[in-house]
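J.: Structure for the following, please:
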Amino acid sequence: MITINNLVKHRGTGEILSGISFKARPGRVTGFLGPNGVGKSSTLRILLGLDRATSGSALINGKPFAELHNPLATVGAALDGFGAHRMRTGRAHLRWIARAAGLSSSRVEEVLEIVGLTSAAGKRVGKYSLGMGRRLGMAAALLGDPKILILDEPVNGLDPEGIRFIRTFLRERAESGNTVLLSSHLMGELAETVDDVVIIKHGKIVADGTLEEVIGNHFTLEEAFFALTSENAGNVV
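T.: Numbering: from 1, shown residues only. So this is what the prediction gives:
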């Protein structure tokens with residue numbers, strides 16, 4: 001379970017997050033949406049202990065990230081960038097993470113197979129395409145076999161086959177009782193993947209509900225998103 005409660009973030013004289021609250025529940029895929037620069041990345045970074053909140057809390061299974069006993073086995077995350085040295089191979093990068101976490105090299109081979117990167121595992125990361133980098137990030141997130149996944153733009157740069165794989169994989173994780181929180185700008189793809197939707201605008205939550213509730217009287221999630229995030233949008237859903 002991911003619980004964001006009254007989260008506030010100031011940067012300089014500006015307010016990035018204005019007391020947002022929402023939950024991502026086990027057994028469900030939650031989509032976290034919003035225009036660029038409205039606080040999505042700040043929320044995820046605070047949740048993962050990479051940034052500090054001004055006030056409020058961001059909890060994983062009831063604890064801040066810094067207090068998790070075994071973080072890699074609790075939560076897996078893939079944010080922007082590959083997170084690997086360009087001169088390392090994909091396999092070497094994953095082995096480095098696994099070694100630091102006390103995981104076996106056989107687990108590295110397992111996650112490479114899961115994300116379809118085995119054939120490119122011996123290639124240097126600097127030679128990876130954007131889509132291959134996304135798969136490497138996903139593999140790293142899965143190393144500890146966590147019950148919670150936090151993914152930022154997981155299908156960005158993937159071909160249709162890769163997108164279908166990620167969609168199926170995330171649905172299977174959720175159906176097995178895991179918690180999945182993902183952000184994406186691909187509304188059509190999100191509508192095929194998520195159970196719940198949280199939409200943020202100017203640091204405030206403007207929608208929080210099931211996919212069906214958020215779409216409401218609109219024809220698509222994309223239509224609902226633009227209606228809710230336009231400057232003359234109405235009430236919170």
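
J.: show me the contacts for the spatially most central residue of the chain.
T.: With distances taken as C-alpha atoms, centre = their mean, Leu151 lies nearest the centre of the chain, 1.9 Å away. Leu151 sits next to Ala77, Ala78, Met138, Ala141, Leu170, Val180, Leu181, Leu182, Ser183 when contact means C-beta atoms under 8 Å, 6 or more residues apart in numbering. In this view, the C-beta of every residue, glycine as well, is placed from N, C-alpha and C.

J.: Turn those into a markdown table, including pLDDT.
T.: Shown next, in a markdown table, are the contacts of Leu151 (pLDDT from 0 to 100):
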| residue | pLDDT |
| --- | --- |
| Ala77 | 94 |
| Ala78 | 90 |
| Met138 | 89 |
| Ala141 | 93 |
| Leu170 | 92 |
| Val180 | 98 |
| Leu181 | 98 |
| Leu182 | 94 |
| Ser183 | 90 |
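
J.: same for the helix or strand of the chain at the bottom of the mean pLDDT ranking, what does it pack against?
T.: None of the helices or strands of the chain scores lower by mean pLDDT, DSSP states H and E than helix 187-191, at a mean of 85. Packing partners of helix 187-191 (3 or more C-beta pairs under 8 Å, 6 or more residues apart in numbering; DSSP states H and E): strand 28-33, helix 221-229.

J.: who's in contact with the last one?
T.: By C-beta under 8 Å, 6+ apart, the residues outside helix 221-229 that reach it are 33-35, 187-188, 190-191, 197, 199, 201, 206-207, 211, 214-216, 218, 233, 237.

J.: top helix in the protein by residue count?
T.: helix 160-175 (DSSP state H).

J.: Pull the contacting residues for the nearest residue to Trp96 once chain neighbours are set aside.
T.: Spatial nearest neighbour of Trp96, excluding adjacent residues (C-beta to C-beta, 6 or more residues apart in numbering): Arg88 at 7.4 Å. For Arg88, the contacting residues are Trp96, Arg124, Val125, by C-beta under 8 Å, 6+ apart.

J.: And for the first one, the neighbour number?
T.: Neighbouring residues of Trp96 were enumerated by other C-beta atoms under 10 Å; the total is 15.

J.: Is it within a helix or a strand, and which one?
T.: In the assignment (DSSP states H and E), Trp96 maps to helix 90-101.

J.: Can you point out the buried residues in that helix?
T.: Going by neighbour count (16 or more other C-beta atoms under 10 Å), the buried part of helix 90-101 is Gly90, Arg91, Ala92, His93, Leu94, Arg95, Ile97, Ala98.

J.: where among the helices and strands packed on helix 187-191 is the average confidence lowest?
T.: Sorting these by mean pLDDT places helix 221-229 lowest, at a mean of 93.

J.: Give me the mean pLDDT for the helix or strand Gly209 falls within.
T.: For Gly209, the element it lies in under DSSP H and E is strand 204-210. Mean per-residue pLDDT for strand 204-210: 96.

J.: which neighbours does that strand have in its sheet, and in what orientation?
T.: Note on strand 204-210: by DSSP bridges, its sheet partners are strand 196-201 (antiparallel).

J.: Dump the partner strand to PDB, keeping only the CA atoms.
T.: Only the C-alpha atoms of strand 196-201 are listed here, as PDB (Å, rounded to 0.1, in the frame of the first residue of the first chain):
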ATOM      1  CA  ASP A 196      -7.600   3.700 -10.600                       C
ATOM      2  CA  VAL A 197      -6.600   7.200 -11.700                       C
ATOM      3  CA  VAL A 198      -5.200  10.200  -9.800                       C
ATOM      4  CA  ILE A 199      -4.800  13.500 -11.700                       C
ATOM      5  CA  ILE A 200      -2.800  16.400 -10.300                       C
ATOM      6  CA  LYS A 201      -2.800  20.000 -11.500                       C
END
